[in-house]
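> No letters, just coordinates:
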């Protein structure tokens, strides 16, 4: 390990040197001509595709010929690391980068994102879903322009439901259990429900969504104390464990990510699942799915007085503190987030504009999906926005998996993380 | 002075005195030494220095000196010891299995078999695969839905229903060990085969003439002669296995519920996912320390065997 430790440090040094050498190359304002070059970091995974971003960018540069925009793409799992190493290790190559919902607190604390609260036009502020702003806000200040609106929807196999004699989509999570039991009893599939419960952020998203339906997902109170081990958080974990004990959840779920869930559903080995917006197109793609055309979608079930709750999976575009052209950068972010840009391709991501959901020429592609999405987007719950989020998430992932395997009760497992909280906050 | 002598004196003055041999050697070594200093010693020293500070990448400018605080924190942390014991578990089981199976394969390949060349080629194949490819392959074999392992075991009637191999805390580490043994046994076998072939066949024949059975000849003649190589293989495999990262990372990512989080994965998560570079550096040094202790034990054993 000694040498690999050395190599690790060296690699870091090399990256730092390279980034250092490149810094400043990202933003160049040539005096006199007024030409500006921006560099933006996006994600190549789910939501808008590279082609979508290119189309949005091209329309921006056509309207603003003095601004040139270079776009880079990395996978989601590399995005956070790339932002941190670029902004802190290297001095900042990017003027703009994509920011996930749980990150603003950490980024604000690290001093790498620009406060744009006062620069958001009023019509943008009021036209976009409130949940999208939550995803870009920390302590009342806005640090990103909402760009991707996403949550986990409830997908189910219509044919399997019909074969089991079920006539409507489940409205509550209790309905989900009852429907799964009916499907299992008929021998249609061995495990009717599949989830992305791998030791990764994916399991936290499912747990948060369930907690939102089962009493609320306020995991950390204003004083910084744990509340995830009571109320919604606890009820959600107990529900998850119950579906395993009843033989309704595929036990392999503990090793699956969202793509694996798509595959299991596409192979006809599960009747229902939660997944992000893009799941609909993937599971209904005849090229890759044996059940294409059978997968229907609805708002995630609720429970008790809650009709639906979705995990806030929105992402926003942040302007970096190191940008030499923050105004041009914000101008670009507002352009790609505009109603017009967002309505260009709704197959990969829903617009974040409330009005888009009432425009027949936008929703005509899939009116039912738009209706389900509008309903769920108005009821999103966020993962805790705390500066120590990554550590908290890692600890919760382990606790949830420990409970799901029956090594501890849900209460014990979550109490364990609550006890660790002072350490995680350090 | 004759013409010739004068010319000779001129030549003498022109031929420089040769450099002392050590200087020449130093000049040749210098570029490599400089590179080593730059890419090994400097980062090592920097990491040692970093391990004395509380450095978090997401808290720039606030890097208090904590002395040995990072080390003490790790040595008193349950997570550190759990990860260390997981790494030791992986090391002991996988190294032992690789040694036993490798010795068996080496003995087989040492026999005058008809298709020995084919056997030797086939045996080396798993080792020729990159670790990442091997890990991905085993992840598919162990897949609960479509994996070959479940299909094989149910068709043979050993299993009645599909097992979840990698998402079960009690099984995941065993599956990773299996993948590692499959890949690394060939290396052990080839090294031991080389050792076996250096032993003169007359020694074994002489033992048999004196009435020793095959097992006795192996136990008392062959084995003692290859013990030094066995020990070297042990040292290599132990040090490699203790810092295992790639195969585990690809197959399980350290899960489920940290069941396969070895010490190297713990260090990676601390340094590069938690951005805790001070703690990460301290962990790097602690891992190096454990490996050095293990190496010292083996080297003592090796020295003793050498003297015998």
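Nice, I can see it. Since this is a predicted model, take the numbers as computed values, not measurements. Numbers count the residues shown, from 1 in each chain, chains lettered A, B, ... in the order given.
> ok, and what's touching stretch B:196-216?
Defining contact as CB atoms under 8 Å, 6 or more residues apart in numbering or on different chains, one finds that stretch B:196-216 is touched by B:106-107, B:110, B:217, B:220-222, B:225-226. Every residue, glycine included, has its C-beta placed from N, CA and C.
> show me where pLDDT drops low in the chain?
Using chain A. A:1-34, A:45-46, A:89-90 (pLDDT under 70).
> try again with chain B
B:1-16, B:306-308.
> try it again with 50
For chain B, the stretches flagged by pLDDT under 50 are B:1.
> Now for the nearest residue to residue B:301 once chain neighbours are set aside, how many residues are close by?
Spatial nearest neighbour of residue B:301, chain neighbours left out: residue B:231 (6.1 Å); criterion: CB to CB, 6 or more residues apart in numbering or on different chains. Residues near residue B:231, counting by other CB atoms under 10 Å in any protein chain shown, number 18.
> mind checking the SS state of residue B:231?
Here residue B:231 is recorded as helix under DSSP: H, G, I helix; E, B strand; the rest coil.
> now swap in residue A:37 and tell me
Once three-state DSSP is applied, residue A:37 turns out strand.
> for the closest residue to it other than its chain neighbours, helix, strand, or coil?
Take residue A:37 and drop its neighbours on the chain: the residue closest to it by CB to CB, 6+ apart is residue A:68, 4.6 Å away. The three-state label given to residue A:68 by three-state DSSP is strand.
> Identify the residues contacting residue A:68.
Taking CB under 8 Å, 6+ apart as the criterion, residue A:68 is in contact with A:35-38, A:61.
> mind redoing it with 10 Å?
The neighbourhood of residue A:68, defined by CB atoms under 10 Å, 6 or more residues apart in numbering or on different chains, consists of A:28, A:35-39, A:57, A:61, A:328.
> List only buried entries from those residues.
Among the contacts of residue A:68, those buried by neighbour count (16 or more other CB atoms under 10 Å in any protein chain shown) are A:36-39, A:57, A:328.
> wait, which of those residues is closest to residue A:110?
Of all those, residue A:110 sits closest to residue A:39, with 19.3 Å by CB to CB.
> hang on, isn't residue A:352 packed against residue A:317?
No. Assessed by CB atoms under 10 Å, residue A:352 is found out of contact with residue A:317, at 11.5 Å.
> and for those two, which residues touch both?
Counting by CB under 10 Å, 6+ apart, the residues touching both residue A:352 and residue A:317 are A:145-148, A:337.
> Widest-spaced pair of these?
A:145 and A:148 (10.9 Å).
> who touches both of these two?
A:132, A:316-317, A:337, A:352.
> which residues of chain A fall in strands?
Taking DSSP state E as the test, the strands found in chain A are A:28-30, A:35-43, A:67-74, A:96-100, A:137-138, A:141-142, A:145-148, A:153-157, A:193-194, A:272-275, A:295-298, A:310-311, A:315-319, A:380-381.
> just checking, what packs against the longest one?
Spelled out, it's strand A:35-43. strand A:28-30, helix A:50-63, strand A:67-74, helix A:76-84, strand A:96-100, strand A:145-148, strand A:315-319, helix A:326-336 (3 or more CB pairs under 10 Å, 6 or more residues apart in numbering or on different chains; DSSP states H and E).
> in its sheet, what does it sit against?
Applying DSSP bridges to the sheet, strand A:35-43 is found paired with strand A:28-30 (antiparallel), strand A:67-74 (parallel), strand A:96-100 (parallel).
> Over to the last one?
Taking DSSP bridges as the criterion, strand A:380-381 sits next to strand A:310-311 (parallel) in its sheet.
> Residues of the stretch 201-350 of chain A that sit close to chain B?
A:203, A:250-257, A:260, A:263-264, A:267, A:269-270 (CB under 10 Å from any CB of the partner chain).
> Next step: these restricted to helices.
A:203, A:260, A:263-264 (DSSP state H).
> Among those, which one has the most neighbours?
residue A:203 (27 neighbours).
> Appreciated, that's everything.
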